[in-house]
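# I'd like to go over a predicted model; first the sequence, then the structure.
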Amino acid sequence: MDKSCIKCGRCLAVCPVYKASGYERISPRGKLNLIDFYQKHLLFPSSTFQETISACILCKRCEEKCILHTPISKIIHQTREKLWPLQKKQYYRSWVVNKFLASYQKNLGLWLRLYTLCKHVFPLPFDLASSPFLSSRRFYPSKKAKANIAIFSGCVTNFLYPNLGDKLIKLLSKLGYNIFIPPQQTCCGLMAYTLGDKETALDLAKKNVEAFGHISIDFIITPCASCYHQLKTFLPYQEAKISEKVIELSQFLQEKPLSFLPLNKKITWHDPCHLRYHHNIWQGPRILLKKAGYEFEESSPEGMCCGQGGSFALNFPELAKQIFRRRKETIEKTGAELVITSCMGCLIQLKAGLGKQQVKHILELFA
Ligand code: SF4
Ligand code: SF4
């Protein structure tokens with residue numbers, strides 16, 4: 001028997017994937033049980049086993065309930081790395097997205113031409129920006145020059161929401177910082193890492209370390225909570241001392257003089273799992289929203305996954321929809337007309353499910 005699990009089942013009560021599916025096999029306990037058999041060479045890595053290991057958001061919610069403090073998501077992730085040579089054949093959607101993220105920096109023109117050709121067959125649920133964020137923005141000096149800040153845009157800001165990157169530039173400029181936007185930066189590698197594709201994740205991290213390593217900066221800020229998580233926790237970023245310069249947006253803004261746009265709507269906050277369960281960051285955004293004087297109502301006191309989870313929503317769209325449905329109910333109960341978040345994955349998921357006008361990134365609230 002696996003010593004890291006006594007099969008108590010406490011983790012089941014909070015696992016969004018288990019709650020949406022009801023299947024023991026894809027619950028945290030079920031996964032650990034099967035991984036134990038796999039590690040002892042008693043289980044062949046069949047397509048069902050691969051599906052079991054893929055059907056996890058790696059949100060870490062289960063770990064806070066585990067009395068043995070079992071690093072459940074780490075065990076699942078390590079198993080994914082072993083399975084990656086098989087996995088990449090099983091899930092074509094995440095395979096294509098991963099390939100794009102791994103290589104767009106070199107072959108953007110080719111990818112865009114390919115997309116233009118195929119967009120009627122594979123329509124995206126969102127619009128691509130006419131020009132990527134990283135195509136033209138470089139350096140924004142400030143007369144006050146309190147410190148040097150580099151922006152890590154992340155792929156969603158780069159391709160879908162360059163306006164959010166511009167909002168971040170405007171905010172940091174108003175606060176008096178020099179802003180650097182290294183043009184060679186690329187995907188943070190989170191998608192590759194979570195899929196188990198360590199080679200691609202390492203390659204992308206190497207490129208980002210080169211892009212950010214040669215400039216003199218005090219902080220790195222990203223508009224995306226998931227990029228924040230990857231830059232903060234992935235070993236190559238830590239070894240290159242990039243991680244120690246990365247600061248989470250709401251924490252950075254806590255003591256700053258801010259002006260907010262007026263809003264005549266009741267709002268609520270959506271906790272990105274990467275902030276809430278991986279970094280215990282949940283108070284900061286709420287403090288900011290209350291400081292702004294908005295009518296705020298809590299819709300998820302302990303946080304609640306939206307079902308996006310990077311590759312999860314690509315590979316398990318029906319489960320992702322069910323997880324989202326539960327989150328939507330909690331939002332609707334509050335009567336909130338606007339949901340605010342700071343993760344680009346959550347933003348896409350919430351906009352797709354609630355409507356574009358009902359969801360905003362926190363950066364859209366600053367005057
Ligand atoms: S990490 Fe999240 S999705 Fe995965 S088993 Fe734990 S609670 Fe479930
Ligand atoms: S809470 Fe921990 S010990 Fe209990 S079933 Fe889940 S993983 Fe096993």
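Looks like it came in fine. Ligands and ions are numbered 1, 2, ... in the order given.
# from here on, contacts and neighbour counts on C-alpha atoms
Noted.
# what is the burial count for the residue in the stretch 151-300 of the chain that ligand 2 sits nearest to?
Closest approach between the stretch 151-300 of the chain and ligand 2, counting by CA to the nearest ligand atom: residue 277, at 15.4 Å. Residue 277 has 20 neighbours, counted by other CA atoms under 10 Å.
# which SSE is residue 320 in?
helix 317-334 (DSSP states H and E).
# what about that helix, near ligand 1?
No. Contact of helix 317-334 with ligand 1 (CA under 6 Å from any ligand atom) is absent, the minimum separation being 10.3 Å.
# what packs against the following helix or strand past that helix?
Per DSSP H and E, helix 317-334 leads on to strand 338-341 as the next helix or strand towards the C-terminus. Judged by 3 or more CA pairs under 8 Å, 6 or more residues apart in numbering; DSSP states H and E, strand 338-341 is in contact with strand 266-269, strand 359-361.
# so for ligand 1, which of the ones you listed sits nearest?
Ranked by CA to the nearest ligand atom, the member of the helices and strands packed on strand 338-341 that lies closest to ligand 1 is strand 266-269, at 19.7 Å.
# what sits up against the closest one?
Outside of strand 266-269, the residues within contact range by CA atoms under 8 Å, 6 or more residues apart in numbering are 285-286, 294-300, 331, 335-341.
# what's the answer for stretch 178-189, then?
So stretch 178-189 is in contact with 101-102, 105, 134-135, 137-142, 145-152, 154-155, 169, 172-173, 200-202, 204-205, 207-208, 211-212, 227, 230-231, going by CA under 8 Å, 6+ apart.
# ok, now stretch 138-146?
Against stretch 138-146 from outside (CA under 8 Å, 6+ apart): 169, 173, 176-183.
# contact partners for the closest residue to ligand 1 within the stretch 151-300 of the chain?
Nearest to ligand 1 in the stretch 151-300 of the chain, going by CA to the nearest ligand atom, is residue 273, at a distance of 8.8 Å. Residues in contact with residue 273 (CA under 8 Å, 6+ apart) are 59-61, 303-305.
# correct me, but residue 87 touches residue 50?
Yes. The criterion here is CA atoms under 8 Å, and residue 87 meets it with residue 50 at 6.6 Å.
# and the residue nearest to the spatial centre of the chain, what does it touch?
Against the mean C-alpha coordinate of the chain, by CA atoms, centre = their mean, the closest residue is residue 226 at 2.9 Å. Going by CA under 8 Å, 6+ apart, residue 226 touches 190, 272, 274-275, 343-345.
# I'd like the residues you listed laid out as CSV, including distance to ligand 2, secondary structure and neighbour count.
CSV is the format used below for the contacts of residue 226 (distance: CA to the nearest ligand atom, whole Å; DSSP: H, G, I helix; E, B strand; the rest coil; neighbours: other CA atoms under 10 Å):
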residue, distance to ligand 2, secondary structure, neighbour count
190, 24, helix, 26
272, 22, coil, 28
274, 20, helix, 23
275, 21, helix, 20
343, 27, coil, 25
344, 29, helix, 24
345, 27, helix, 20
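# for those, give me a markdown table that also has pLDDT.
Output for those, formatted as a markdown table (pLDDT from 0 to 100):
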| residue | pLDDT |
| --- | --- |
| 190 | 96 |
| 272 | 98 |
| 274 | 97 |
| 275 | 97 |
| 343 | 97 |
| 344 | 96 |
| 345 | 95 |
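# done for today, thanks.
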